[in-house]
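Enquirer: attaching a predicted model along with its sequence, questions to come.
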Amino acid sequence: MFIISKVATAFISPLGAALIGGLLAILAGAAGRRRLAFGLGTLAVVWLWCWSLPVTSYAIRGYLENQHPAVDASAMPKASAIVVLGGGTAPLSYGASYPNLGSASDREWHGARLYHARKAPLLILSGGHDPQFSAVSSAESMRRFIGALGVPDSAMVLEERSLNTTQNADFTADILAREGIERVLLVTSALHMPRAKALFEAQGVEVIAAATDHEVRALPGWRKWLPDTDALDGSSRAIKEIVGRWVGR
């Protein structure tokens, strides 16, 4: 199911959809359907161009991120625990000594900030791994990084089985029930927060969104209209979040 989900996500991304459209155009041309081939090829190029523009990418990312604006850690309410979702720190590779920080490592920073602001006495770090490719879980990599930020091991609980957001919610909810915790500060990227919050609430958890890693920023007007690989990547991730929310994954 995990592999099927990843393949489906690749196909619905702007790049994947454009490649499929291009392939269909080639097949239509080979079959002598020139008008159809031209239409499919044009549609594929326009689709890819559209989602590669920062103005379009920021619009769809902003739709998600604006639901949970950035709030200073000191202004957040208190809860019984802080749940930090994996994705910002890569699972430690075999032979590596230190975890690699990704673009979403703000999640770990924000979890540590909330702890030091005394918003909750406990952090639950959620994220598993594939033993074929990594030596330890995403949660363990997060523990090492957050520990370097001054959070003691005694204040961290690891959930190391989950491979996606649905499992983050399922398996973390089990830990919360065991600890008698009902109210949490949920830390994840702002782009990811609407879907993650909905999945945790479906498990009966009272969630206070502590969104971080906001991506939308101000750009000069002319740069908004230049195709950009970062814009294409951002569009793909936003579409994944929206489709995931629709299907409840």
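Expert: Structure's in. What do you need?
Enquirer: what does the model give the residue sitting nearest the centre point of the chain for pLDDT?
Expert: A centroid search over the chain (Cα atoms, centre = their mean) returns His192, at 4.6 Å, as the residue closest to the centre. Per-residue pLDDT puts His192 at 97.
Enquirer: the residue located most distally from the centre of the chain in helix, strand or coil?
Expert: Residue farthest from the centre of the chain, counting by Cα atoms, centre = their mean, is Gly32 at 43.0 Å. At Gly32, secondary structure determined by DSSP: H, G, I helix; E, B strand; the rest coil is coil.
Enquirer: the helices in this structure, which residues?
Expert: Here the chain has its helices, by DSSP state H, at 2-12, 14-30, 34-52, 54-65, 106-116, 138-148, 165-179, 193-202, 229-247.
Enquirer: can you add distance to Ala81 and mean neighbour count and give the ones you listed back as a markdown table?
Expert: Heads up, the C-betas are built off the backbone N, CA and C, glycines and all. Output for those, formatted as a markdown table (distance: least, Cβ to Cβ, whole Å; neighbours: other Cβ atoms under 10 Å):
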| stretch | distance to Ala81 | mean neighbour count |
| --- | --- | --- |
| helix 2-12 | 27 | 12 |
| helix 14-30 | 37 | 16 |
| helix 34-52 | 37 | 16 |
| helix 54-65 | 24 | 20 |
| helix 106-116 | 10 | 23 |
| helix 138-148 | 14 | 22 |
| helix 165-179 | 7 | 19 |
| helix 193-202 | 12 | 21 |
| helix 229-247 | 24 | 18 |
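Enquirer: so which of these gets nearest Val84?
Expert: Closest approach to Val84 among the helices of the chain (Cβ to Cβ): helix 106-116, 3.9 Å.
Enquirer: can you dump the C-alpha atoms of that closest one in CSV for me?
Expert: The C-alpha trace of helix 106-116 is given here as CSV (Å, rounded to 0.1, in the frame of the first residue of the first chain):
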residue,chain,number,x,y,z
ASP,A,106,12.2,23.8,11.2
ARG,A,107,9.9,21.2,12.7
GLU,A,108,12.6,20.0,15.1
TRP,A,109,13.7,23.6,15.9
HIS,A,110,10.1,24.6,16.7
GLY,A,111,9.5,21.5,18.8
ALA,A,112,12.6,22.4,20.9
ARG,A,113,11.5,26.1,21.1
LEU,A,114,8.1,25.1,22.4
TYR,A,115,9.7,22.8,25.0
HIS,A,116,12.1,25.5,26.2
